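> sequence first, then the predicted structure, then my questions.
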Amino acid sequence: MELLNAAAEKYAEKFTTDDNEMLQQIYSQTQLHHPQAHMMSSSVQGQLLKFLSTILQPKYVLEIGTFTGYSALCLAEGLAKEGELHTIELRTADATIAQQNFSASKWAKQIHLHIGNALKIIPTLSFEWDLIFIDADKTSYIQYYEMVLPYLKKNGVIIADNVLFHGQVLETPIKGKNAKAIHNFNEWVYKDDRTQQVLLTVRDGLLLIKKQ
């Protein structure tokens, strides 16, 4: 199911601040050379991540799912002066590309890339997070959420990507494994009185979650 009107998306891009040169290069290189380029955030979504980060000015950011580094660099835009961004990627090939992009950026010393299973890595990171971006395997979203929420600051924000999952969450019945997992995650967060949330229909859906 196609949820996003292509003309509306182009119109949104036209009236959204342009990516800087580095982000444009990463975006275009990923689109040209990566067989799963659809996994990358769109430019409008990237600017939204940057927008939220610059408002929050986080000291500690956690990203679950690095891909080629585009979204991490958007989130890094708002980092506090001594802030750190920790990002986790399962695939070594993608992590290698991401690290090259990070090393070429002005946040090279502030972005820390971890390679491996996020469920094993997250408990080793002893930080109180200001901002968390979840964009990894969909069947683990509830586990990620429960794992990180105790370490999210009061009024800290979690952003979960792909919460519409290509429109499959709207089907009756929901059939796909990932779509079912995402729907269950959306229901789980909605019923959680520890947080407030708003679901945005940007690209494939973003769920903004604020800790009470």
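Yep, it's here.

> report pLDDT for the residue lying closest to Ser43 once chain neighbours are set aside.
Nearest non-adjacent residue to Ser43, counting by C-beta to C-beta, 6 or more residues apart in numbering: Asp19, 5.4 Å away. From N, CA and C alone the C-beta is placed, and that goes for glycine too. On the pLDDT scale, Asp19 is placed at 89.

> tell me which element Asp19 falls in.
Assessed by DSSP states H and E, Asp19 sits outside every helix and strand.

> thought it was touching Gln47?
Yes - look at Asp19 against Gln47 with C-beta atoms under 8 Å: they come within range, at 7.2 Å.

> longest strand of the protein?
strand 152-161 (DSSP state E).

> now the residue positioned nearest the centre of the chain: phi and psi?
By C-alpha atoms, centre = their mean, the mean C-alpha position of the chain lies nearest to Phe133, the distance being 3.9 Å. Main-chain torsions, Phe133, degrees, to the nearest 10: phi -120, psi 120.

> pLDDT weak spots in the chain?
1-2, 37, 39-41 (pLDDT under 70).

> before we move on, the earlier item: partner strands of the longest strand of the chain, with direction?
Here strand 152-161 is paired, per DSSP bridges, with strand 129-134 (parallel), strand 206-211 (antiparallel).

> so which of those strands is the most packed in?
For the strands paired with strand 152-161, the largest average neighbour count (mean count of other C-beta atoms under 10 Å) is found in strand 129-134, namely a mean of 25.

> run the angle between the following helix or strand past that strand and strand 152-161 for me.
Downstream of strand 129-134, the first helix or strand assigned by DSSP H and E is helix 141-148. Note on geometry: by axes from the mean of the first three to the mean of the last three C-alpha atoms, to 10 degrees, helix 141-148 and strand 152-161 are set 160 degrees apart in direction.

> list the helices and strands helix 141-148 packs on?
Under the contact criterion of 3 or more C-beta pairs under 8 Å, 6 or more residues apart in numbering; DSSP states H and E, helix 141-148 touches helix 118-121, strand 129-134, strand 152-161, helix 177-190.
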